[in-house]
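here is my input, please return the structure:
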Amino acid sequence: MRYTLWEIVRPYRRQLGVGAVLLAATNGLDKSIPWLLKGAIDALREQRLRAVVVAAAWVVVVAAALWVVRTASRLVIFHVGRQTEFDLRNALCVKLQRIDERFVAVLGSGEMMSRATSDMANVRTLVGFGGMNLVNTVLAYGLALALMFTLSPTLTLWALLPYPGFVLVARGLGRGLFKRSHAIATTTGALSTRLENFIRGIRIQRTYGLEDNERRRFSSLNDRLLRDHLSLVRLRAFLWPLLSLLTAAGTLLVIWRGGSMVLTGELTIGEFVAFNAYLGQLVWPSMAVGFLLAVLQRGRASLVRLQEVLLAPETARGSLAPPPEAGARLSLERVSYAYGAHQATAAAFAAQHVPPARATPTGSAQAANAKATGLSHLRAGTKASNQAAPESPAPSAAASTHALGPQVIRDVSLRLPAQGLVALVGRSGSGKSTLAKLLAGRLLPTSGTAVFGPHALSDLSEAGLAQRIQLCAQEVTLFSTSLRRNLLVGGRFDPAIGKAELLAALQDAGLGPDITSLPQGLDTLVGERGVQLSGGQAQRLALARTLLARAPVMVFDDPISAVDAVTERHLLGTLRALAAQHAVVLITHRASAAALADRIFVLEDGALVEEGTHGELTDKGGIYARLAERQALEAGLVLRGAAR
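Model (predicted):
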């Protein structure tokens, strides 16, 4: 699905058909009132009072019917707008669960929120209000012009003289409205990202006294948004009076020429009044064209921005989700990885739909907006992968490797045991966290294969992968809810998981004493991103969540980086006990922690350079031995310093 406007509204074509019929009935009833008025005026001149009373009664009946039908038409068509918004929100939710994480990282969560809220509302207005007024304007013009032509073809031609200029103005200014609307939407997204970063980092700003600096950055984006809005307002301010002038010119021509025709007997007074009534009924549609153009172009710009997300590349996941195979092992075969693989972004998609920015304030703003959202470097030469629609999986990273950066993992091969503790050790920046994501299937290799039992990780669905491998990442993600619900994420909200099992997982993660001291226990709210917890508590809560999953393979990325020595020993004991029934991967830079592992792999510059037990590697005298020796010396110096 390409998420074009027609594809979005196609499921509701029957309702739209009903709405169009109701709008046609509305316009038919509306246009019958001047015709009745014509008959009443001519009857009045001929002293046929009964005919006047009958015509007046029919006007009342038609007006009442018009109110009912017009209300029904709005209810039907506006409902379609709401339904398409509902469908798009659901599609966006599904897409965000599948989208390539690098796309989100480049675009920014604030920009995503802007598209999910303001852009979604603009598309709803485009379908509902915009669609209704577009159809209504076409019908109003068609019926009114037909009846005007019936009354007087000559006078109709005089009335239409200003309208070629009307069409040229609408067409010319429509492009400007689209450009400015797109610039406003883009700047709004950049401002949302800035605001989110501002709120999230408010503690850091206060700590380092950065309030003035952040205020200036926010004000700069706010000023840009103001300039974009003023640019659109100036264009609309020019459009409305111009359209009103053209409409007034038509009315002036009709009064001048029509008055002459009444005097010469070519028109009756009733026909002239009816003609002017029909022309008057075109005044609002004509003037509303400016507003309608703004709604249509703003909605079109917002739809393009939503398409950027809905057609973005997805993580190349398969559809297999069989139960985990007993005794299956996880292995990597000559795996390499480079960041930047098939990295398509919103700007690349927008470049296909938005006219190239010219040397105008709006064009400059668009370029600045692209830079503000981190997309400017990808505008040129990057082709968006628009085939990644929800029903067709995106191409695998291995199959699409243009725009690669340097390799951070190089030709790594390893095979994990079905049970046991394996440690991955390396200096900071050696590629440990990237390798952890490759082991957990969060990233797919740019070359080589990652396999669990008989299945490649790329062939497994998200559910199939979660049943086999769990990753406790170094970056802790907690939700703004209770401890209990944060834990139950690991158990996929299984109703069979009771309080005792939750407390046991917390105890294993070293959080038992902390929980008992909380007045609300498991129901304690952790706050936005776990702000109510310390760094160590948040890390241990994430670890407990992973323990609750009880997957055959569990990967822990530096789970002891934010805990004290006593808690570290407790956690290492937990991992050691867990390894009796699971394959446990401990990623760390501490040789003292790696010493407990059954097997140690040493990573250096993205490549595995050593493998063995703690004793074998220290006797070998290589990188691991030097790392262990240096850390032992540092620990000894700290102890001697403390003793003094």
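
where does Y337 land in three-state SS?
strand (DSSP: H, G, I helix; E, B strand; the rest coil).

check contacts around it.
Y337 makes contact with 407-409, 434, 438, 443, 445-446 under the criterion CB atoms under 8 Å, 6 or more residues apart in numbering. For glycine as for every other residue, the C-beta is placed from the backbone atoms N, C-alpha and C.

which ones are touching the spatially most central residue of the chain?
With distances taken as CA atoms, centre = their mean, M112 lies nearest the centre of the chain, 3.8 Å away. Counting by CB under 8 Å, 6+ apart, M112 touches 96, 104, 309.

for it, pull up the helix or strand it's in.
Assigned by DSSP states H and E, M112 falls within helix 109-114.

may I have that helix as PDB, with CA atoms only?
Taking Å, rounded to 0.1, in the frame of the first residue of the first chain, the C-alpha atoms of helix 109-114 are listed here in PDB:
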ATOM      1  CA  SER A 109      11.000  11.200  18.500                       C
ATOM      2  CA  GLY A 110       9.800  14.800  18.600                       C
ATOM      3  CA  GLU A 111       9.400  14.800  14.900                       C
ATOM      4  CA  MET A 112       7.600  11.500  15.000                       C
ATOM      5  CA  MET A 113       5.200  12.900  17.600                       C
ATOM      6  CA  SER A 114       4.500  15.900  15.400                       C
END
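
flag every buried residue along it.
Neighbour-count burial for helix 109-114, counted by 16 or more other CB atoms under 10 Å, picks out 110-112, 114.

could you do stretch 591-598 as well?
For stretch 591-598, burial by neighbour count (16+ other CB under 10 Å) applies to 591-597.

check stretch 618-626 too.
618, 623-625.

tell me which of those is nearest to H455?
Y624 (32.4 Å; CB to CB).

if I've got this straight, the closest one is in a helix?
Yes: the assignment for Y624 by three-state DSSP puts it in a helix.

tell me who's in contact with it.
Per CB under 8 Å, 6+ apart, neighbours of Y624: 425, 591, 594, 600, 602, 610, 617-618.

so where's the stretch 151-300 of the chain uncertain?
166-167, 170-172, 174, 240, 243, 287-288, 290 (pLDDT under 70).

which residues of it fall in helices?
153-160, 163-200, 202-208, 211-263, 269-281, 283-310 (DSSP state H, counting those that start in this stretch).

possible to save those as JSON lines with mean neighbour count?
Formatted as JSON lines, the helices of the stretch 151-300 of the chain follow (neighbours: other CB atoms under 10 Å):
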{"stretch": "helix 153-160", "mean neighbour count": "17"}
{"stretch": "helix 163-200", "mean neighbour count": "19"}
{"stretch": "helix 202-208", "mean neighbour count": "11"}
{"stretch": "helix 211-263", "mean neighbour count": "15"}
{"stretch": "helix 269-281", "mean neighbour count": "21"}
{"stretch": "helix 283-310", "mean neighbour count": "22"}
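
would you format the ones you listed as JSON lines with distance to R468 included?
Converted to JSON lines, the helices of the stretch 151-300 of the chain look like this (distance: least, CB to CB, whole Å):
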{"stretch": "helix 153-160", "distance to R468": "71"}
{"stretch": "helix 163-200", "distance to R468": "33"}
{"stretch": "helix 202-208", "distance to R468": "38"}
{"stretch": "helix 211-263", "distance to R468": "43"}
{"stretch": "helix 269-281", "distance to R468": "68"}
{"stretch": "helix 283-310", "distance to R468": "29"}
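
quick one on the thing from earlier: distance of the residue nearest to the centre of the chain from F103?
10 Å (CB to CB, to the nearest Å).

cool, L525 as well?
Applying CB to CB, the value for L525 to F103 is 31 Å.

shaky segments in the protein?
Looking at the chain by pLDDT under 70, you get 166-167, 170-172, 174, 240, 243, 287-288, 290, 316, 340-405, 635-644.

still on that earlier bit, so which of the buried residues of helix 109-114 comes closest to L332?
Closest to L332, out of all of the buried residues of helix 109-114 and judged by CB to CB, is M112, at 32.0 Å.

for stretch 291-307, what is the distance to the chain centroid?
Put simply, stretch 291-307 sits 16 Å off its chain's centre (CA atoms, centre = their mean, to the nearest Å).

only C-alpha atoms, please: export that stretch in PDB.
Only the C-alpha atoms of stretch 291-307 are listed here, as PDB (Å, rounded to 0.1, in the frame of the first residue of the first chain):
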ATOM      1  CA  PHE A 291      -9.300  28.700   2.400                       C
ATOM      2  CA  LEU A 292     -10.000  25.400   0.600                       C
ATOM      3  CA  LEU A 293      -6.700  25.600  -1.200                       C
ATOM      4  CA  ALA A 294      -4.900  26.200   2.100                       C
ATOM      5  CA  VAL A 295      -6.700  23.100   3.600                       C
ATOM      6  CA  LEU A 296      -5.900  21.000   0.600                       C
ATOM      7  CA  GLN A 297      -2.300  22.000   0.400                       C
ATOM      8  CA  ARG A 298      -1.700  21.800   4.100                       C
ATOM      9  CA  GLY A 299      -3.300  18.300   4.100                       C
ATOM     10  CA  ARG A 300      -1.300  17.300   1.100                       C
ATOM     11  CA  ALA A 301       2.000  18.400   2.700                       C
ATOM     12  CA  SER A 302       1.100  16.500   5.900                       C
ATOM     13  CA  LEU A 303       0.200  13.400   3.900                       C
ATOM     14  CA  VAL A 304       3.600  13.400   2.300                       C
ATOM     15  CA  ARG A 305       5.200  13.700   5.800                       C
ATOM     16  CA  LEU A 306       3.100  10.700   7.000                       C
ATOM     17  CA  GLN A 307       4.000   8.700   3.900                       C
END
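
what's R334 sitting at in phi/psi?
When read as degrees, to the nearest 10, the backbone of R334 gives phi 50, psi 50.

spatially nearest residue to it, not counting backbone neighbours?
G448 (4.2 Å; CB to CB, 6 or more residues apart in numbering).

which SSE is that neighbour in?
Going by DSSP H and E, G448 is in strand 447-452.

if I look at the spatially closest residue to F238 that is not a sequence neighbour, how far off is Y278?
Leaving aside its chain neighbours, F238 sits nearest to L173 (7.7 Å; criterion: CB to CB, 6+ apart). As judged by CB to CB, L173 and Y278 stand 26 Å apart.

repeat for D523
68 Å.

end to end on stretch 114-131, go ahead and measure it.
By CA to CA, to the nearest Å, the extent of stretch 114-131 from end to end equals 23 Å.

how far away from the center of its chain is it?
14 Å.

hey, what's the angle from the helix or strand that A72 is a member of to helix 283-310? Just curious.
Secondary-structure element containing A72, defined by DSSP H and E: helix 49-98. Helix 49-98 runs at 10 degrees relative to helix 283-310, counting by axes from the mean of the first three to the mean of the last three CA atoms, to 10 degrees.

just the CA coordinates of the helix or strand following helix 49-98, formatted as CSV?
On the C-terminal side of helix 49-98, the closest following helix or strand by DSSP H and E is helix 101-107. What follows is helix 101-107, C-alpha atoms only, in CSV (Å, rounded to 0.1, in the frame of the first residue of the first chain):
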residue,chain,number,x,y,z
GLU,A,101,15.3,1.9,14.3
ARG,A,102,17.9,4.0,12.5
PHE,A,103,15.2,5.8,10.7
VAL,A,104,13.6,6.8,14.0
ALA,A,105,17.0,7.8,15.4
VAL,A,106,17.7,10.1,12.5
LEU,A,107,14.3,11.6,12.4
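
helix or strand for R410, which one?
Using DSSP H and E, R410 falls in strand 407-415.

in terms of secondary structure, what does that strand contact?
Applying 3 or more CB pairs under 8 Å, 6 or more residues apart in numbering; DSSP states H and E, one finds that strand 407-415 contacts strand 330-338, helix 432-439, strand 447-452, strand 607-612.

what's the strand or helix carrying A505 packed up against?
A505 is part of helix 499-508, with elements assigned from DSSP H and E. Using 3+ CB pairs under 8 Å, 6+ apart, the elements in contact with helix 499-508 are helix 483-488, helix 512-516, helix 535-549.
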